[in-house]
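Novice: Provided below for reference: sequence and predicted model.
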Amino acid sequence: MTRLIILDRDGVLNQDSDAYVKSVEEWIAIDGSAEAVGRLCDAGVTVAVATNQSGLARGYFGQADLDAMHEKMSQLAAQYGGQFAHIAWCPHGPDDCCDCRKPLPGLIEQICTALKLSQADIDNAWMVGDALRDLQAGHSAGCQTALVRTGKGSQSEKKLADDASIAHSPVFDDLATFVDWYLHQPH
């Protein structure tokens, strides 16, 4: 069985911005996030990313900018032995009626298809995010879910109990703290 961790991007791996992260210069890693990805990979865990990127639809940045941000993210993780098995992103705006924008599970389904994973793999997987929509997407796909307090996570934590489907999700200070906990769980 594949051990899989799916990460939201903005607010989990890098600093989030209400004005959108629009360029490689604005993509700033959260302390410890790249090292955390490396530790997961060193332990044999497959790491993927599922991220809403409506800035594309809104015209705030182009595909080349997004590719450059993901290249920076991948290179930084690689410095610590980490790699992303797949990066899935939704380029649509909130009114585009797509099936991939979180809280819908489409991005997780794309990851499953790309990595040839079974539902059993997904049932054993974790979706880690800083927003309720990240956890809702994970839950809809069948993943276990965890919230981090970085990014919008502290605000999201206050609303976690409002959604019974994800209210049980453990909460961690950041991705590094989640990884510390996860790697000490029986697998």
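Specialist: Here it is on my side, so go on.

Novice: What is the subsequent helix or strand relative to the longest helix anywhere in the chain?
Specialist: As assigned by DSSP state H, the longest helix anywhere in the chain is helix 63-78. Remark: after helix 63-78, the chain's next helix or strand is strand 86-90, criterion DSSP states H and E.

Novice: What is the burial count for residue 58?
Specialist: For residue 58, the neighbour count with other C-beta atoms under 10 Å is 12. To be clear about C-beta, it is placed using only N, CA and C from the backbone, and glycine gets the same treatment.

Novice: ok so, going back, in CSV, could you pull the C-alpha coordinates for the longest helix of the chain?
Specialist: Extracted in CSV, the C-alpha atoms of helix 63-78 (Å, rounded to 0.1, in the frame of the first residue of the first chain):
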residue,chain,number,x,y,z
GLN,A,63,1.1,29.5,-16.4
ALA,A,64,4.8,30.3,-16.7
ASP,A,65,4.7,32.1,-13.3
LEU,A,66,3.0,29.1,-11.7
ASP,A,67,5.5,26.7,-13.3
ALA,A,68,8.3,28.8,-11.9
MET,A,69,6.8,28.8,-8.4
HIS,A,70,6.4,25.0,-8.5
GLU,A,71,10.0,24.6,-9.8
LYS,A,72,11.3,26.7,-6.9
MET,A,73,9.2,24.7,-4.5
SER,A,74,10.5,21.4,-6.0
GLN,A,75,14.1,22.5,-5.9
LEU,A,76,13.9,23.6,-2.3
ALA,A,77,12.3,20.3,-1.3
ALA,A,78,15.0,18.5,-3.3
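
Novice: Counting neighbours, which bits of that helix end up buried?
Specialist: 65-66, 68-70, 72-74, 76-77 (16 or more other C-beta atoms under 10 Å).

Novice: Need these in TSV (columns: distance to residue 30 and pLDDT).
Specialist: TSV is the format used below for these (distance: C-beta to C-beta, whole Å; pLDDT from 0 to 100):
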residue	distance to residue 30	pLDDT
65	20	98
66	19	98
68	19	98
69	14	98
70	16	98
72	13	98
73	11	98
74	16	98
76	11	98
77	12	98
